[in-house]
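Novice: Just the structure for this:
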Amino acid sequence: MQLQQLASFVAVAETRHFTQAAERMRVAQPSLSKQIKALETELGAPLFSRARGNVTLTPAGEALLPLARRMLADAETARREVAELAGLRRGRVRLGATPSLCAGLLADALARFHDDYPGVELQVEEGGSRDLVRALARGQLDLALIILPLQGDDPALVTEEILRETLVVAAPAHLAGRKPYLRIEELRRRPLVMFRRGYDLREATLAACRQAGFEPRFAVEGGEMDAVLRFVEAGLGVAVVPSMVLDGRPNLAGTPLLPGLTRTIALAHRKDVEPTRAAQAFRATLLSFLTEATREGSLPEGVEAVT
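Specialist: A predicted model of the protein is given here:
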């Protein structure tokens, strides 16, 4: 089984068209078809159904596709790791992070890393914690800043706690009132602006409400972080968010909850793949940045480093 064969297979699986796949791979179509045929012969099963001109995956093809993508991602990681041996003059870090971190302190940490290693390519994927865990497992990310505890306690990841965030109830500033805190039970009477599925904030909010004995009412649901905050500003409802995302939003105010809600952020990577030298360098830069920010008292409000 050759990487070129797997790459050709993935190209056909994604385009569902042999001619378009050949153009993507920059090879002649007969050559690509020959590679697919050789792969099918080696595996002992057809990978595509070509009925009536429509290209679809067979059950064997469906089973192979995620494995092929992961093998190709790991091969690319290995290639870049060898290239990085020349003092990190080149390389790549594929980092996943939650929207609250992307909008907050992560930008400063990335800027420091870029200054130290200007030749290293930075790729950032923003998403909910569950989505990032899946991307790590598929080999699409080198590192991810995710929320603990993991759903199902995924044994395929190594996690390192680095931050804790306080969650608050975000509301329009002119409607927030002057109460020093809100009890979870008070959310029963307030419509919520709710994140889309895959966001840990959605699950944390639902779990807290259910523990208090009620199902919350949604004014609107399905948004990303920026959309949720904008909906709250527009008066559609309130939302439970990390306190640091309210920095720079004077139209919003955050009220702590009682009992308090916090979440723990961890840096994660796959257990079966050693992080590349570029990824290890980013980890060192991030931890150094957090140590200095803690010492200088410059971490955003509601955020503390885990020592």
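
Novice: Backbone dihedrals for the most centrally placed residue in the chain, both of them.
Specialist: Central residue of the chain (C-alpha atoms, centre = their mean): residue 132, 2.9 Å from the mean position. As for residue 132, its main-chain torsions (degrees, to the nearest 10) stand at phi -70, psi -40.

Novice: And for residue 140?
Specialist: Per degrees, to the nearest 10, the backbone of residue 140 is at phi -90, psi -10.

Novice: The one 4 residues further on too?
Specialist: As for residue 144, its main-chain torsions (degrees, to the nearest 10) stand at phi -150, psi 140.

Novice: Could you name the helices and strands sitting against the longest strand seen in the chain?
Specialist: Taking DSSP state E as the criterion, the chain has its longest strand at strand 252-270. The helices and strands touching strand 252-270, judged by 3 or more C-beta pairs under 8 Å, 6 or more residues apart in numbering; DSSP states H and E, are helix 129-137, strand 143-148, strand 157-172, strand 182-183, helix 200-211, helix 225-233, strand 239-242, helix 277-296. The C-beta positions use only the backbone N, C-alpha and C, and glycine is treated the same way.

Novice: Quickly run through the sheet partners of the second one, with directions.
Specialist: For strand 143-148, the paired strands and their directions (DSSP bridges) are strand 91-97 (parallel), strand 252-270 (antiparallel).

Novice: So what's the gap between it and the chain middle?
Specialist: 7 Å (C-alpha atoms, centre = their mean, to the nearest Å).

Novice: Just send the helices and strands packed on strand 252-270 back as TSV, with distance to residue 57 too.
Specialist: Formatted as TSV, the helices and strands packed on strand 252-270 follow (distance: least, C-beta to C-beta, whole Å):
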stretch	distance to residue 57
helix 129-137	20
strand 143-148	28
strand 157-172	28
strand 182-183	50
helix 200-211	32
helix 225-233	34
strand 239-242	40
helix 277-296	32
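
Novice: Run the angle between the longest helix seen in the chain and helix 129-137 for me.
Specialist: Taking DSSP state H as the criterion, the chain has its longest helix at helix 59-83. Interaxial angle of helix 59-83 relative to helix 129-137 (axes from the mean of the first three to the mean of the last three C-alpha atoms, to 10 degrees): 80 degrees.

Novice: ok, residues contacting helix 59-83?
Specialist: 3, 6-7, 9-10, 13, 43, 45-48, 57, 90-92, 138-140, 142, 273, 276-278 (C-beta atoms under 8 Å, 6 or more residues apart in numbering).

Novice: between the strands paired with strand 143-148, which gets nearest to residue 297?
Specialist: Judged by C-beta to C-beta, the one of the strands paired with strand 143-148 that comes nearest to residue 297 is strand 252-270, at 19.1 Å.

Novice: Low-confidence regions, the stretch 101-250 of the chain specifically.
Specialist: Low-confidence segments of the stretch 101-250 of the chain, defined by pLDDT under 70: 151-155, 177.

Novice: ok, now with 80
Specialist: By pLDDT under 80, the weakly predicted segments of the stretch 101-250 of the chain are 103-104, 151-155, 175-178, 198.

Novice: give me every residue that touches residue 141.
Specialist: Residues in contact with residue 141 (C-beta under 8 Å, 6+ apart) are 94, 95, 96, 125, 132, 135.

Novice: if we can go back for a sec, which among the contacts of helix 59-83 count as buried?
Specialist: Applying 16 or more other C-beta atoms under 10 Å to the contacts of helix 59-83, the neighbour count classes 6-7, 9-10, 13, 43, 46-48, 57, 91-92, 139-140, 142, 273, 276-278 as buried.

Novice: Let me know the distance separating residue 105 from residue 261.
Specialist: 20 Å (C-beta to C-beta, to the nearest Å).

Novice: swap in residue 22?
Specialist: From residue 22 over to residue 261 (counting by C-beta to C-beta), the distance is 53 Å.
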